[in-house]
Structures are given as structure tokens and as C-alpha cells.
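A.B. asks: okay, sequence plus prediction incoming.
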Amino acid sequence: SYSSPDLNKWKASNLAYFITAEHRSGSRDSLETKYRAYSVLSGKEIFSGKFDVTKDNMRASAHRIADGIYRSITGKRSIFNSKIVFVSDRTSRGKDIQKELYLMDFDGRRVEKLTD
């Protein structure tokens, strides 16, 4: 069973938020993760999330967890699930300039070429 942390001992450290994680083996290839975020000043839990993380969805799960924690603290949408559209000439050869449209995750991963 899970017990809440003693947030009173963290108040003197000027820490505003405290995040805990609990991991257990889930189904065959998954890891069951539980995240909680607490406001040290109010002493209350402000976020709780349970995620089944696999090797295939690890990055997406991390983005969802970060988004949930960010939203609970700020009340606003985060960039963690955002995509960026950009133009690049990376396929150009010499004087043959080719500009293409690409899409990527906010952190620069999973670049996908949209045009040809």
C-alpha cells in the first residue's frame, strides 16, 4: 500500500512541489507506474496518474506524465504533447535546393517528412 510523504519536513527547504513515483511489474511487457505531485505549501496532493508503460510507449508516457504534472501546477496546457512543423533543405544536393515540410515532437524526436 502507498503512504503519502511527510511534506512538513520539506517546508523548510523552500521546495514548492514534491513528486513521487511508484513502479511495479505490470502485464507481460509493461511497467505499472503511479505518479503523484504534492504542493509542499498546502500539504495536498495536486496530481495523481497511473500509466502502463511499455518499451513502445515510453516516450509518449513520459510526455503525458510531464503534461499532467505541469497542468496540475500551472493550470495551463504544456508543450509536452506538442508537435512542431518546420521547413528544411536537408534533402538538397549541391545547387539543387529542395525545401521540404517536416513534423517532429516538441523535443526534436520522431522527425517525419510530410512533403516530397
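C.D. replies: Sure, I can see it. Numbers count the residues shown, from 1 in each chain.

A.B. asks: at the geometric centre of this protein, which residue sits there?
C.D. replies: Among the residues of the chain, H63 comes closest to the average C-alpha position under C-alpha atoms, centre = their mean, at 2.2 Å.

A.B. asks: which non-adjacent residue is nearest that residue?
C.D. replies: F80 (4.4 Å; C-beta to C-beta, 6 or more residues apart in numbering). Every residue, glycine included, has its C-beta placed from N, CA and C.

A.B. asks: element containing that neighbour?
C.D. replies: With secondary structure defined by DSSP states H and E, F80 is part of neither a helix nor a strand.

A.B. asks: what's near enough to touch it?
C.D. replies: With contact taken as C-beta atoms under 8 Å, 6 or more residues apart in numbering, F80 is in contact with 63-64, 66-67, 70, 106.

A.B. asks: send the alpha carbons of the helix or strand the residue nearest to the centre of the chain falls within over as CSV?
C.D. replies: Under the criterion of DSSP H and E, H63 resides in helix 58-74. Coordinates of each C-alpha in helix 58-74 appear next as CSV, following Å, rounded to 0.1, in the frame of the first residue of the first chain:
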residue,chain,number,x,y,z
MET,A,58,7.8,5.0,-23.0
ARG,A,59,8.4,8.5,-24.6
ALA,A,60,4.7,9.1,-25.1
SER,A,61,4.0,8.1,-21.5
ALA,A,62,6.8,10.3,-20.2
HIS,A,63,5.2,13.3,-22.1
ARG,A,64,1.7,12.5,-20.7
ILE,A,65,3.1,12.3,-17.1
ALA,A,66,5.0,15.6,-17.5
ASP,A,67,1.9,17.2,-19.0
GLY,A,68,-0.2,16.1,-16.1
ILE,A,69,2.2,17.4,-13.5
TYR,A,70,2.7,20.7,-15.4
ARG,A,71,-1.1,21.2,-15.7
SER,A,72,-1.7,20.5,-12.0
ILE,A,73,0.9,23.1,-11.0
THR,A,74,0.1,25.8,-13.5
